[in-house]
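Trainee: For reference, the sequence and a predicted model appear below.
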Amino acid sequence: MRVASILHRAGHLPGDTTDTLTLDYEARFLRRKKLVTGAGAGVLVDMAETVSLDHGDALEADDGSLIGIVAAPEALLEVTGDLTRLAWHIGNRHTPCQIEARRLLIRDDPVLADMLAGLGATVTPVTAPFTPEGGAYGHGRTHGHSH
């Protein structure tokens, strides 16, 4: 099956999709790749340019079926403390960060964990889906400053 289009943040309910793709943060950044759905079906994604998929997006196959995108749990660090200050230091290192009301989530990185602990943060390893902020200049992650 081939992907015909991507529906960003479609918010489809599980009943609206015929299948799912569970992908970690890195795997949700793709241009051309063969993937296998939760039900075992092969899917060819072949986009004109690289795209970033988020949890809740959907791929529309050439037969009209919808394949929901699910963020896979992965090794992360939960960061708590002075979130504004800590978020500035994380952003200053161009590190993807999921911002929540009471915590920040970043990918597991011992160097950043030490730096953040040195800044007074509490850093706790967790396993969870990772859906970081997309950036100020476009949908999803940004990989350049051509603005």
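Mentor: In hand now; what should we look at?

Trainee: what sits against the nearest residue to residue 49 once chain neighbours are set aside?
Mentor: Counting by C-beta to C-beta, 6 or more residues apart in numbering, residue 49 lies nearest to residue 31, which is 6.5 Å off, once chain neighbours are set aside. Every C-beta, even on glycine, is put in place using the N, C-alpha and C of the backbone. Contacts for residue 31 (C-beta atoms under 8 Å, 6 or more residues apart in numbering) come out as 45-47, 49-51.

Trainee: quick one: average pLDDT of stretch 37-55?
Mentor: In this model, stretch 37-55 has a mean pLDDT of 91.

Trainee: Next, the buried residues of that stretch.
Mentor: Buried residues in stretch 37-55, counted by 16 or more other C-beta atoms under 10 Å: 37, 43, 45, 51-55.

Trainee: Quickly find the element holding residue 112.
Mentor: helix 110-118 (DSSP states H and E).

Trainee: Quick check: phi and psi on residue 131?
Mentor: Dihedral pair for residue 131: phi -130, psi 80, per degrees, to the nearest 10.

Trainee: and it, how many neighbours does it have?
Mentor: Residue 131 has 15 neighbours, counted by other C-beta atoms under 10 Å.
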